[in-house]
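**Q** The following block contains a protein sequence and its predicted model.
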Amino acid sequence: MKTWLPDGDPKIIAESYGKTFLRQWFVNFENNDRIDFSLFGFSKNLWPTIVLPISRDLRVIAIKQFRPGAEKMVLEIPGGGPDLRHGDDSPIAVGYRELIEETGYEPDKIIQLSDHVFFDPSSSVAKYYPCLALGCHLIGKQNLDDSEQIEVVTFSLNEWLSMTLSGQVVDGKSVLITYMALPHILGVNYKDFIQKVLK
């Protein structure tokens with residue numbers, strides 16, 4: 001099998017609130033068919049950072065907010081995109097800033113768990129940076145935008161893992177980052193973690 005290559009530049013169909021809806025043609029090298037796809041993305045490729053915050057006493061700091069795609073309040077972990085007014089738009093800096101703004105908690109340390117993860121590689125060019133924030137401690141109140149309404153809730157690690165395993169947490173980003181972060185939370189490398197799980 002061969003990788004399909006883009007045929008021409010993407011065409012923006014719609015753009016609003018920093019998000020884009022694109023049409024991109026690809027060539028299928030197996031039969032030379034030219035096929036178009038509709039893809040979701042972010043303007044200027046400003047990918048967000050999503051952070052799993054763990055407090056000093058090993059509680060998960062989560063947030064609840066209304067999500068229009070789900071048409072209900074959704075439990076998830078904090079995150080947001082770069083704001084070029086702040087200068088440093090690295091994933092770690094963005095995660096640090098967004099965590100404080102959305103929750104009022106400051107981390108002792110942030111670890112980027114992988115280079116990036118796609119939201120949905122079949123229908124989106126958008127990706128995000130998965131991070132883990134350790135040693136989080138409350139330093140003040142939330143600093144939310146006028147359009148944001150976010151409730152901060154905390155759970156023991158046991159409760160959070162039970163909720164993600166049982167499907168009570170329906171946000172895919174939150175579930176994936178939780179499991180990417182487990183070896184770091186437990187203080188083992190991922191190979192040792194896998195061996196423990198498989199025993």
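**A** Done, it's in. Numbers count the residues shown, from 1 in each chain.

**Q** Can you report phi and psi for residue 144?
**A** Main-chain torsions, residue 144, degrees, to the nearest 10: phi -90, psi 150.

**Q** which residues touch it?
**A** 101, 102, 150 (C-beta atoms under 8 Å, 6 or more residues apart in numbering). The way it works is simple: take the backbone N, C-alpha and C, and place the C-beta from them, glycine included.

**Q** run the last query once more with 7 Å
**A** For residue 144, the contacting residues are 101, 150, by C-beta atoms under 7 Å, 6 or more residues apart in numbering.

**Q** Now do it, the pLDDT please.
**A** At residue 144, the predicted lDDT confidence score is 90.

**Q** Now for the closest residue to residue 33 other than its chain neighbours, how many residues are close by?
**A** Closest residue to residue 33 apart from its sequence neighbours, by C-beta to C-beta, 6 or more residues apart in numbering: residue 27 at 7.4 Å. By other C-beta atoms under 10 Å, 15 other residues sit near residue 27.

**Q** Same check on residue 155?
**A** If you count neighbours by other C-beta under 10 Å, residue 155 ends up with 16.

**Q** For it, give me its contacts.
**A** Residues near residue 155 by C-beta under 7 Å, 6+ apart: 59, 60, 62.

**Q** Assess the claim that the last one and residue 74 are in contact.
**A** No: Residue 62 lies out of contact with residue 74 (C-beta atoms under 7 Å); the separation is 10.2 Å.

**Q** okay, these two: which has more neighbours?
**A** residue 62 (22 against 16).

**Q** so that one bridges to which residues?
**A** residue 153 (DSSP bridges).

**Q** so where do the helices sit in this protein?
**A** For the chain, applying DSSP state H gives helices covering 91-103, 157-165, 172-186, 190-198.

**Q** Residue 78 is nearest to which of those?
**A** Checking the helices of the chain against residue 78 by C-beta to C-beta gives helix 91-103 as the closest, at 4.3 Å.
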